[in-house]
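Colleague: build the 3D model from these lines:
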Amino acid sequence: MARCPVLALAALAALACAEPPSGSAKPEAGGPEGDSGGGDWEQALGCRQDPAAFGDLQVKDTAIATVPRLSWQSAAETPGWVAFRSPEGRLVTQRPSDPTRTHDRPVVGLPPSAEISAVALMDGPDGPRCSAPLRLVTGPLDPAIPAFDKPLLDGSLLDGGYILVPVVDPTGGWMTILDDQGRVVWWWRLEADWIQGNRPIFRIRLAPDGDGLIANTQSEGIEDPGTLTWVGWTGETRLLYAVPGMHTDFVLLPDGRALSLGWTTREYEGARRILGDTVLQLSPGAEARVLWDGFAHFAPDLSESYPRGYLPANADLEDWTHANGISYDADQDLILVSIPGIEGLVAIDGQTGAQRYVLAGNAPGVEMVGGDDLIHQPHSVAPIDGGLLIFNRNDWAGGTDCSEAVDLALDLEGNTATQTWAYSGPDCQHVAFLGNAERLPSGGTLVCFSSAGVLDIADPSGQTAWRLGLPAGAALGFATAVPRLQ
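Modeller: The predicted structure is shown next:
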């Protein structure tokens, strides 16, 4: 991969850029085009067509074949943005930029090998102005990305949104974005000086300002750094955080903090070293700090022997709590962490790190109505109205229980949790690692059977409405749905 000169932006921050891949098709600009003429755009967007205001509007290549960049100059500082129509006719509009005279807008969300109608827009004294219609021609999908099988694609429950999901393969993996038709509309293989070896990406989040993505790589040992890296829409990269022991999952908070899972250890009699988990708070310009430590709230059962060899760099450690999923409930200011080692989860105060409640089969806390097995080998927990949505891996090793997503109604006053809904798909999937579920605004549920390479959307009745699958040998990281990209 070709590299551009590195520009220092902060002590640990560096930008790197790549040239367009060989053979990628170039976006092209064209004139008015039949049913996408200027009048049609004016009606759809409430803009006045004014090509002269956009001067030397240009469409440029980028390092990603589906991401053209529109550039133009305006006479005065004004917000600028781009709108386009998907092949199915859906109108997609970017958020306006900050006021500027130099407009440089990458366009994200276009399918590969397609011709897309678009216009550039900016504010004018009497309302929005739009350029003459443009024709954007995208290049093909990178053939190195494992091909998705698409047996079922009713994308209505995704409601025009997108899915951010890493594809994990033996060489490390890809960051990908899927549209509601199951098309890969954006991709990038993360390579950077601060990432050693072919480390998989487990989670991708949308950057808060919509100018790219944030991806994690996992530590391989207690002293080895895990990372959070910003990736721009055209492949630029910048290191955000590198913290020893940071692993598996992270979440971004509205106040600008990031929270990640971390590893910690304790030594016990007989030279036993037990691996536990923390929640790390990451803030710009500050040292990472431990917000919650599992050893402060739970104790390992020293009559048991826990699995060894989980961390390549620390093969003697016994893997105890094995925390693996983190999410944030903004309404309650709660951090939710799934912990298979206690067969449950914890809810943590978002400011102080105090533990609010425990819901687990192997620890005292909220009573699970119907038995302690409502949570079994959980790998994600997410807030929903009235309760929690949990992804249970279940007994994947024995192959006897299907992995599933379950809704639990939570009554903290009555100290009870009750299962109200479950989904395991039309066939039984056994997930060996990762796996997650989240509720969509439409009421559907996105369910990622990660190691099985299957991605489903279930309707509220529990029927499969949308499914993608990867070939054998490829897997998925955590899947995250977003209503828009830019």
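
Colleague: what is the host helix or strand of residue 274 packed up against?
Modeller: Assigned by DSSP states H and E, residue 274 falls within strand 272-282. When contacts are defined as 3 or more Cβ pairs under 8 Å, 6 or more residues apart in numbering; DSSP states H and E, strand 272-282 packs onto strand 237-244, strand 258-268, strand 289-293, strand 318-319, strand 334-339. In this view, the C-beta of every residue, glycine as well, is placed from N, C-alpha and C.

Colleague: what helices or strands is the longest one leaning on?
Modeller: Which is strand 258-268. Where contact means 3+ Cβ pairs under 8 Å, 6+ apart, strand 258-268 is packed against strand 225-232, strand 237-244, strand 246-252, strand 272-282, strand 289-293, strand 325-329.

Colleague: elements contacting the third one?
Modeller: Contacts defined by 3+ Cβ pairs under 8 Å, 6+ apart place strand 246-252 against strand 201-206, strand 212-217, strand 225-232, strand 258-268, strand 325-329.

Colleague: same check, this time on the fifth one
Modeller: In this structure, strand 289-293 makes packing contacts with strand 258-268, strand 272-282, strand 334-339, strand 344-349, judged by 3+ Cβ pairs under 8 Å, 6+ apart.

Colleague: please apply the same query to the first one.
Modeller: In terms of contacts (3+ Cβ pairs under 8 Å, 6+ apart), strand 225-232 is packed against strand 212-217, strand 237-244, strand 246-252, strand 258-268.

Colleague: export those as TSV, with columns for distance to residue 48 and mean neighbour count.
Modeller: Shown next, in TSV, are those (distance: least, Cβ to Cβ, whole Å; neighbours: other Cβ atoms under 10 Å):
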stretch	distance to residue 48	mean neighbour count
strand 212-217	31	25
strand 237-244	38	19
strand 246-252	38	23
strand 258-268	42	20
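
Colleague: select, out of those strands, the one closest to residue 73.
Modeller: Among the helices and strands packed on strand 225-232, the nearest to residue 73 by Cβ to Cβ is strand 212-217 (23.9 Å).

Colleague: out of the helices and strands packed on strand 272-282, nearest to residue 188?
Modeller: Comparing the helices and strands packed on strand 272-282 by Cβ to Cβ, strand 237-244 comes nearest, at 8.9 Å.

Colleague: can you show me the CA trace of the closest one as PDB?
Modeller: Presented in PDB, the C-alpha positions along strand 237-244 are these (Å, rounded to 0.1, in the frame of the first residue of the first chain):
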ATOM      1  CA  THR A 237      -5.500   7.000   9.900                       C
ATOM      2  CA  ARG A 238      -4.800   8.600  13.300                       C
ATOM      3  CA  LEU A 239      -3.900   6.900  16.600                       C
ATOM      4  CA  LEU A 240      -6.300   7.900  19.300                       C
ATOM      5  CA  TYR A 241      -5.300   5.700  22.300                       C
ATOM      6  CA  ALA A 242      -2.800   2.900  22.900                       C
ATOM      7  CA  VAL A 243      -3.300   1.300  26.300                       C
ATOM      8  CA  PRO A 244      -1.700  -1.900  27.700                       C
END
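
Colleague: now it against strand 225-232, angle please.
Modeller: Using axes from the mean of the first three to the mean of the last three Cα atoms, to 10 degrees, the inter-axis angle of strand 237-244 relative to strand 225-232 is 160 degrees.

Colleague: adjust the sequence numbering to begin at 39 for everything that follows.
Modeller: In the new count, where the first residue is 39, that last one comes out as strand 275-282.

Colleague: same for strand 275-282, what does it pack against?
Modeller: So strand 275-282, by 3+ Cβ pairs under 8 Å, 6+ apart, packs with strand 51-53, strand 263-270, strand 296-306, strand 310-320.

Colleague: from the chain's centroid, how far away is that strand?
Modeller: 17 Å (Cα atoms, centre = their mean, to the nearest Å).

Colleague: I figured residue 240 hits residue 286, correct?
Modeller: Yes: taking contacts as Cβ atoms under 8 Å, residue 240 lies within contact range of residue 286: 5.7 Å.

Colleague: residue 79 sits in which helix or strand?
Modeller: Residue 79 is part of helix 76-83, with elements assigned from DSSP H and E.

Colleague: mean confidence for that helix?
Modeller: The pLDDT scores in helix 76-83 average 88.

Colleague: and if you look at stretch 191-204?
Modeller: Averaging pLDDT along stretch 191-204 yields 94.

Colleague: residues of it that come out buried?
Modeller: By neighbour count with 16 or more other Cβ atoms under 10 Å, stretch 191-204 contains the buried residues 193, 195-196, 198-204.

Colleague: kindly report the same for stretch 464-478.
Modeller: Neighbour counts over stretch 464-478 (16+ other Cβ under 10 Å) mark 467-469, 472-478 as buried.

Colleague: list the contacts of residue 131.
Modeller: By Cβ atoms under 8 Å, 6 or more residues apart in numbering, the contact list for residue 131 reads 83, 119-121.

Colleague: how about a cut-off of 7 Å?
Modeller: Listed by Cβ atoms under 7 Å, 6 or more residues apart in numbering, the contact set of residue 131 reads 119, 121.

Colleague: so how far is residue 190 from it?
Modeller: Distance, residue 131 to residue 190, using Cβ to Cβ, to the nearest Å: 29 Å.

Colleague: do the same with residue 301
Modeller: 39 Å.

Colleague: next: residue 81.
Modeller: 35 Å.

Colleague: and the two? Which one has more around it.
Modeller: Here residue 81 and residue 190 are compared on neighbour count by other Cβ atoms under 10 Å; more neighbours surround residue 190, at 14 against 9.

Colleague: returning to what we had before: dump the helices and strands packed on strand 275-282 to CSV, plus mean pLDDT and distance to residue 172.
Modeller: Below are these laid out as CSV (pLDDT from 0 to 100; distance: least, Cβ to Cβ, whole Å):
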stretch, mean pLDDT, distance to residue 172
strand 51-53, 30, 28
strand 263-270, 96, 22
strand 296-306, 97, 37
strand 310-320, 97, 40
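
Colleague: could you dump these to a markdown table with distance to residue 88?
Modeller: As requested, these are exported to a markdown table (distance: least, Cβ to Cβ, whole Å):
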| stretch | distance to residue 88 |
| --- | --- |
| strand 51-53 | 34 |
| strand 263-270 | 30 |
| strand 296-306 | 42 |
| strand 310-320 | 45 |
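
Colleague: residue 357 is nearest to which of those strands?
Modeller: strand 310-320 (5.0 Å).

Colleague: that concludes my questions; thank you for your assistance.
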